[in-house]
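Colleague: sequence isn't available, so here's the structure alone:
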């Protein structure tokens, strides 16, 4: 984000937003999420997310092996494997080693009738965010956890302040997810699944 918008200090904190901001950042804690891809989806659980993605279950042992040694694999071998976890307010799709959850074709399927915030913590260029709503990607090349943009609403400025330098918490909060710990992000998820092999970029 450019940081050319309103000063967060000029935006009054609502008690509820400030309380949830403290709760969420404390619940998630501090962890290294470089290289992680996320899709935070409002209003649907893990089972519905799996259904929308037409994904198939993966054996826990196989997924645990990938999670422990992701760099022993070529990305093409493990890009289709994602974790899905139900949390209060919706669900989280995670890939601790790659960007798959933020691919447009994943976000559009997940966001049918709802809203989805995608995050890829690119180790080379920083956090990259996108918003999909009702099956359409409406914003991309965002910088969750950065400063506010010119033209942001007061709520968006406040969120940028509450979740400054915490892209994961910002992504969850944007769609109203209320995870109680970091497990939906770092694993183990409720279920590991494999996405069908298809073009997720032109969607």
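Modeller: Cool, the structure landed. Keep in mind it's a predicted model, so treat the numbers as computed, not measured.
Colleague: measure residue 191 to residue 160 for me?
Modeller: 33 Å (C-beta to C-beta, to the nearest Å). Any C-beta I mention is one placed from the backbone N, CA and C, and that applies to glycine too.
Colleague: pick out whichever of those two has more residues nearby.
Modeller: residue 160 (24 against 19; other C-beta atoms under 10 Å).
Colleague: isn't the more buried one up against residue 152?
Modeller: Yes. At 7.2 Å, residue 160 counts as touching residue 152 under the criterion of C-beta atoms under 8 Å.
Colleague: any idea of the mean pLDDT for the longest helix anywhere in the chain?
Modeller: For the chain, the longest helix by residue count, based on DSSP state H, is helix 15-28. Helix 15-28 shows an average pLDDT of 93 in the prediction.
Colleague: chain center to it, what's the gap?
Modeller: Computed by C-alpha atoms, centre = their mean, to the nearest Å, the separation of helix 15-28 from the middle of its chain amounts to 17 Å.
Colleague: I'd like to know which elements it is packed against.
Modeller: Judged by 3 or more C-beta pairs under 8 Å, 6 or more residues apart in numbering; DSSP states H and E, the packing partners of helix 15-28 are helix 154-162, helix 167-174.
Colleague: cutoff 10 Å now
Modeller: Judged by 3 or more C-beta pairs under 10 Å, 6 or more residues apart in numbering; DSSP states H and E, the packing partners of helix 15-28 are helix 154-162, helix 167-174, helix 183-186.
Colleague: list the contacts of that helix.
Modeller: Outside helix 15-28, the residues within contact range by C-beta atoms under 10 Å, 6 or more residues apart in numbering are 12-14, 155, 158-159, 161-166, 168-170, 172-173, 176-186.
Colleague: switch to 7 Å and redo it
Modeller: For helix 15-28, the surrounding residues in contact (C-beta atoms under 7 Å, 6 or more residues apart in numbering) are 158, 162-163, 166, 168-169, 172-173, 178-182.
Colleague: just the buried residues of these.
Modeller: Burial by neighbour count, judged by 16 or more other C-beta atoms under 10 Å, picks out 158, 162-163, 166, 168-169, 172-173, 179 from those.
Colleague: by pLDDT, give me the weakest of the residues you listed.
Modeller: pLDDT is lowest at residue 158 among those; the value there is 87.
Colleague: that one and residue 142, how far apart?
Modeller: 16 Å.
Colleague: re the thing from before, and the helices and strands packed on helix 15-28 as TSV, adding distance to residue 94?
Modeller: As requested, the helices and strands packed on helix 15-28 are arranged in TSV below (distance: least, C-beta to C-beta, whole Å):
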stretch	distance to residue 94
helix 154-162	21
helix 167-174	10
helix 183-186	5
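Colleague: buried stuff in stretch 186-193?
Modeller: By neighbour count, with 16+ other C-beta under 10 Å as the criterion, the buried positions of stretch 186-193 are 186-187, 189-193.
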